[in-house]
Structures are given as C-alpha cells and as structure tokens.
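1. Sequence below, structure please.
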Amino acid sequence: MYPELQKLIEMAILDGNLTVKKREIILRKAEKIGYDIDEVEMYLENMLLNTSVKPSTNKEGQVFKCPSCGETVDSFVTNCFSCGHEFRGSENRSKVKELVLALKKIEDYEWENNTYNGNNGQPRLDHMVRNGIASKQCNLIENFPIPNTKEDLLEFLALAMPIGLKKFSWSEKFTHTAEVQLQKSYKSKAQQVIIKARVAFNRDKILSERIETYAKQLGIK
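-> Residues are numbered from 1 along each chain as shown. This is a model prediction of the structure:
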C-alpha cells in the first residue's frame, strides 16, 4: 500500500475509533491516488478488527499494575515483587479471552464479507474464505503478548492445540497456504508460552506435567 495512505490509516485508527470524518478523508486520499475504494474499505475493517487486541511494543509482554498494591509489573512476572500477590486469571488480565473474541470477529467478518462467500451470486469457495480468515488471524497470533497467569498459559495452549495438530494433505499445503501459516504462527507462539512456563512455574509439578504434555503433542522440545 502507498506509504502515505498507510500512515494516514494508522494515525486514524490509533485510538481504535474510526469516525465518519476520518473515513471520508482516507477514502478521498485513496481515490486520489488511484486505489479501489472497496478494497480500502475492507482493509480499514480488518485494521479495526486487529486493534481489539493491540500488539505490545515490547515483544516480551505488556505492563500492568498489581491489583493488590498498585505496583507496576510486566507480563512475565507471576508474583508482585512488592507485596507477593500471585497474579491469577482475573478478568482485567485475561488476554486470552480478548484474543478469542478478536479471532471470532475476524472469522465472522470474513464469512459475511469475503468475495468467495457465495453471497454475491458467485460460487461459494469455503477454502478461499478460510484462507482469508487465517491470513488475518496470523498477524493477531504473532503479536499476542505472552500471558503471565497459569490459567491463561494453559488456555492459550488449549486454544493452539486444534490448529497445531491439524494434518494437511500434500495438495492442501498448496490450496490452504494461509491455514498452514496460521498453524506455524500458533506453534511459534505456543513455543514461547511453553518456554516461559518452564521458567516461571518450574516448581509447580502438576502444571509442569501439563505443560510438557502440550509440548509433546505439539512437537515442541
């Protein structure tokens, strides 16, 4: 995409709120440059979907406040250094639930708006719709900050299992390329989660056993 237009879009959706005025400015700019307006509209909707789980600027996680004492902590910390509070799956820290909702929004949007969904009088091509879904979900997965609670760590691994274990035939590896890439994205993030869990919860025997079970099933060493 034209760099000037890309920058304009990023600035417009920085706060997650695309007003009518902002949309009009973007579309006028796109039309002036020569972009297809419908394609720009779809791109805008996808960008807005992705802002529901914002990627961390720190690849190792995000910064939070301890709900007990208010001390600032990062997402790799499992206990507050100041008061010892153990971070568990409280609603305001459950990033996996936010991720699941954002993934579902992408899926719903694609089945409703994808060119190959069959709603425009053309043949319905399910694998093309799934490819559209997967290609957008990849970015979300790859930028997902690693959670810091036992519940979220396990929940993410459980989420990764179905696609991580999916088998693709020789032909499907060519026709379902986005799904294959999505599997790689999930497994790569799962590996990061497992590495963190091994370090952070190495004294928790039960949790460690569950983590290693997931690692073995996903082929992660």
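2. So the residue nearest the centre of the chain versus residue 111, what's the distance?
-> Central residue of the chain (CA atoms, centre = their mean): residue 140, 2.5 Å from the mean position. Residue 140 sits 17 Å away from residue 111, going by CB to CB, to the nearest Å. C-beta: built from backbone N, CA, C; applies to glycine.
3. what's the model's confidence in the helix or strand residue 162 falls within, averaged?
-> Using DSSP states H and E, the element containing residue 162 is helix 150-164. The pLDDT scores in helix 150-164 average 89.
4. swap in stretch 100-107?
-> Rounded mean pLDDT across stretch 100-107 is 91.
5. Quick check: buried residues in it?
-> Neighbour counts over stretch 100-107 (16 or more other CB atoms under 10 Å) mark 102, 103, 105, 106, 107 as buried.
6. For that stretch, list the C-alpha coordinates in CSV.
-> Provided in CSV are the C-alpha atoms of stretch 100-107 (Å, rounded to 0.1, in the frame of the first residue of the first chain):
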residue,chain,number,x,y,z
VAL,A,100,-10.5,-15.4,21.3
LEU,A,101,-13.1,-12.6,20.8
ALA,A,102,-10.9,-10.9,18.3
LEU,A,103,-10.3,-14.1,16.4
LYS,A,104,-14.0,-14.7,16.3
LYS,A,105,-14.7,-11.2,15.0
ILE,A,106,-12.3,-11.8,12.1
GLU,A,107,-14.0,-15.1,11.3
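7. and that stretch, how far from the chain's centre?
-> When distances are taken as CA atoms, centre = their mean, to the nearest Å, stretch 100-107 is centred 9 Å away from the chain's centroid.
8. do stretch 26-33 as well
-> 29 Å.
9. Stretch 183-190 now?
-> Per CA atoms, centre = their mean, the centroid offset for stretch 183-190 relative to its chain is 11 Å.
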